[in-house]
Structures are given as C-alpha cells and as structure tokens.
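>>> Build me a model:
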Amino acid sequence: MRPLDNVQMIEVKEGVHESVYDENDRYVGPGVIAKQYQNLVKSNPWISMVDPSGGPCLNEHTDLGNFFSDEFNGLCIQSFEPIETGYRINTYGKFDHLADTKIIGGIINTSE
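A predicted model of the protein is given here:
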C-alpha cells in the first residue's frame with residue numbers, strides 16, 4: 001500500500017467524520033469512509049491540532065514560519081490550550097533542545 005498524498009489525507013480526515021442525512025435532515029448513519037474507518041479514530045485528552053475556518057490547519061510541532069511572516073521562523077507549536085476566546089498556542093524554539101549541548105574536544109555532550 002502506498003502512502004496517501006496531502007489531498008487524499010485531507011479527504012480521509014474529512015470523510016472519517018462524515019454523516020449521512022435524509023431529505024428531512026435526519027441522521028441516517030456514518031458516511032462510507034466513516035463507516036469503514038471511524039472505529040480507528042480515538043479521542044485524546046489533549047488537542048493536537050486546530051483547523052480554523054479559512055485555515056491554515058495547525059498541528060503540534062508545526063513551524064509557524066511556514067505559514068506566517070519570517071518573524072515566526074523557527075517558532076514551533078508545542079501545544080494548544082483552550083481559552084474562553086479560542087485557543088492559546090504554546091510554542092518552543094526549533095533549536096531550543098540544543099541550548100544545553102556542549103561541544104568538548106569535538107564530542108557533543110548533552111549529559112551536563
């Protein structure tokens with residue numbers, strides 16, 4: 001099986017939540033993709049992505065510089081926190097994990 005491209009992935013993400021309604025707008029059941037794959041979708045106690053109307057879809061670890069101005073380059077999404085007006089986006093620097101690294105005689109030491 002080959003991996004899905006971005007368009008196919010979007011169709012699956014949308015389709016897995018699709019429901020079928022009759023002409024009176026009464027729920028009939030899950031859509032075709034939902035019927036087959038909805039049991040694989042699990043709810044987590046945390047929010048790992050936000051898809052605002054008009055986009056872009058933002059996921060954990062997304063580099064915000066890919067979507068917004070250069071001043072956001074290297075600023076990545078750590079988590080989303082629900083607040084009264086929407087979501088607070090908590091971030092980290094793309095290279096923050098290197099801050100504690102010391103190079104000693106050409107050897108990288110991260111244990112100190």
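
>>> C-alpha only now, for contacts and for neighbours.
Will do.

>>> Does Lys35 lie in a helix or a strand, and which?
Counting by DSSP states H and E, the element that carries Lys35 is helix 32-37.

>>> What mean pLDDT does the helix or strand that comes right after that helix get?
Remark: after helix 32-37, the chain's next helix or strand is strand 49-50, criterion DSSP H and E. Strand 49-50 comes out with an average pLDDT of 81.

>>> And the next helix or strand past strand 49-50?
strand 58-59.

>>> which residues are contacting that following strand?
Ser48, Met49, Val50, Asp51, Ile77 (CA atoms under 8 Å, 6 or more residues apart in numbering).

>>> hang on, the earlier thing: the helix holding Lys35 - contacts with which helices or strands?
Helix 32-37 is packed against helix 6-15, with contacts defined by 3 or more CA pairs under 8 Å, 6 or more residues apart in numbering; DSSP states H and E.

>>> Identify each buried residue in the helix it packs on, please.
Val12, Gly15 (16 or more other CA atoms under 10 Å).

>>> Now it: average pLDDT?
Rounded mean pLDDT across helix 6-15 is 72.

>>> returning to that earlier point: now the helix holding Lys35, how far from the chain's geometric center?
From the chain centre to the centre of helix 32-37 is a distance of 21 Å (CA atoms, centre = their mean, to the nearest Å).

>>> List the buried residues for it?
Of the residues in helix 32-37, Ile33, Ala34 count as buried by neighbour count, 16+ other CA under 10 Å.

>>> what's next to that helix, contact-wise?
Residues outside helix 32-37 that contact it (CA under 8 Å, 6+ apart) are Val12, Gly15, Val16, His17, Glu18, Ser19.

>>> Closest to Thr91 out of the contacts of strand 58-59?
Ile77 (4.5 Å; CA to CA).
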